[in-house]
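Got a predicted structure here, sequence first:
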Amino acid sequence: MAEREKVPLPVEGQYPVPEEYLAARAKALASLLIEKGFLSEDLIERVVQTYERDIGPFLGARVVARAWVDPEFKRRLLEDATAACAELGIKGMQGEDMVCVENTPQVHNVVVCTLCSCYPWPVLGLPPEWYKYPQYRSRMVIEPRKVLKEDFGLEVPESVEVRVWDSSSEVRYFVLPERPEGTEGMSEEELAKLVTREAMIGVAKVQAPRR
Ligand code: FE
């Protein structure tokens, strides 16, 4: 069980295709597209850099922290996430129609894309590997409580309703996690540091800082 205390990587190693194969396939595809003139090395490098450096879950964490400290912003976020994120300058590709769903003591939300790997890039960056695995995509809609417990070590009490949201190329969901107890005196910046990618997908809760 001690394993569970690490960052959750649920289906690690279970996916039947070895990484070298995937890397070779991506490389072959890229060189073909470059040869045909659809892509350039430069462009690939720029996109990779952008999603490594400038865009990632730290942007979603800012949105969550703002919603925790500003009820009016939270109201706008739940009404129209794309517009509310744009207020903070967070917008772009694959985020044209984002929906933010709120976790409460009664409801736990979790996000999946059953078809492929649709994901709100502007707030979360690129999806983690496991988000694309068939096991995650198929099982999360059938037995979410079991997946949350077995793969992520997150036990949701029976009294709490679990809602699973299936993202698509049109609508992409992310979760507004519950603000943990014991964070009353914290600033928005400090709060943002507590918010993880997993919490915004709904496979983890935000933990209060250790004292
Ligand atoms: Fe998809």
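Structure received.

Could you use CA atoms for every contact and neighbour count after this?
OK.

quick one, strands of this protein?
98-102, 107-112, 161-166, 172-176 (DSSP state E).

Distance from the chain centre to the first one, please.
On the basis of Cα atoms, centre = their mean, to the nearest Å, strand 98-102 sits 11 Å off its chain's mean C-alpha point.

got it, and the last one?
Strand 172-176 has its C-alpha centroid displaced from the chain centroid by 7 Å (Cα atoms, centre = their mean).

now swap in the third one and tell me
Averaging C-alpha coordinates over strand 161-166 and over its chain gives two centres that are 14 Å apart (Cα atoms, centre = their mean).

Check whether that strand comes into contact with the ion.
No. Contact check for strand 161-166 against the ion, using Cα under 5 Å from the ion: none in range, with a minimum separation of 8.6 Å.

Can you point out the buried residues in that strand?
Neighbour-count burial for strand 161-166 flags Val162, Arg163, Val164, Trp165, Asp166 (criterion: 16 or more other Cα atoms under 10 Å).

got JSON lines for the strands of the chain, with mean pLDDT too?
Written out in JSON lines, the entries for these read as follows (pLDDT from 0 to 100):
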{"stretch": "strand 98-102", "mean pLDDT": "98"}
{"stretch": "strand 107-112", "mean pLDDT": "98"}
{"stretch": "strand 161-166", "mean pLDDT": "98"}
{"stretch": "strand 172-176", "mean pLDDT": "98"}
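
Let me know which of these is tucked in deepest.
Across the strands of the chain, the average number of neighbours (mean count of other Cα atoms under 10 Å) peaks for strand 172-176, which reaches a mean of 26.

And the buried residues of strand 161-166, which is closest to the ion?
Proximity to the ion was ranked across the buried residues of strand 161-166 by Cα to the ion; first place goes to Asp166, at 8.6 Å.

tell me how far the longest helix belonging to the chain is from the chain's mean position?
Assignment by DSSP state H gives helix 19-35 as the longest helix of the chain. Shown here is helix 19-35, whose average C-alpha point lies 26 Å from the average C-alpha point of the whole chain (Cα atoms, centre = their mean).

who are the neighbours in contact with the residue nearest to Phe174 when sequence neighbours are not counted?
The shortest distance from Phe174 to any non-neighbouring residue, by Cα to Cα, 6 or more residues apart in numbering, is to Cys100 (5.0 Å). Remark: with contacts taken as Cα atoms under 8 Å, 6 or more residues apart in numbering, Cys100 is in contact with Leu77, Leu78, Asp80, Ala81, Tyr173, Phe174, Val175, Leu176.

Which ones among those also lie next to the ion?
Within the set of the contacts of Cys100, contact with the ion (Cα under 5 Å from the ion) is found for no member.

now, which of those sits nearest Phe152?
Phe152 has its nearest neighbour among the contacts of Cys100 in Val175, at 16.1 Å by Cα to Cα.

what about the residue nearest to that closest one when sequence neighbours are not counted, how many residues close to it?
Of all residues not flanking Val175 in the chain, Met200 sits nearest, at 4.5 Å (Cα to Cα, 6+ apart). Counted with other Cα atoms under 10 Å, the neighbours of Met200 add up to 29.
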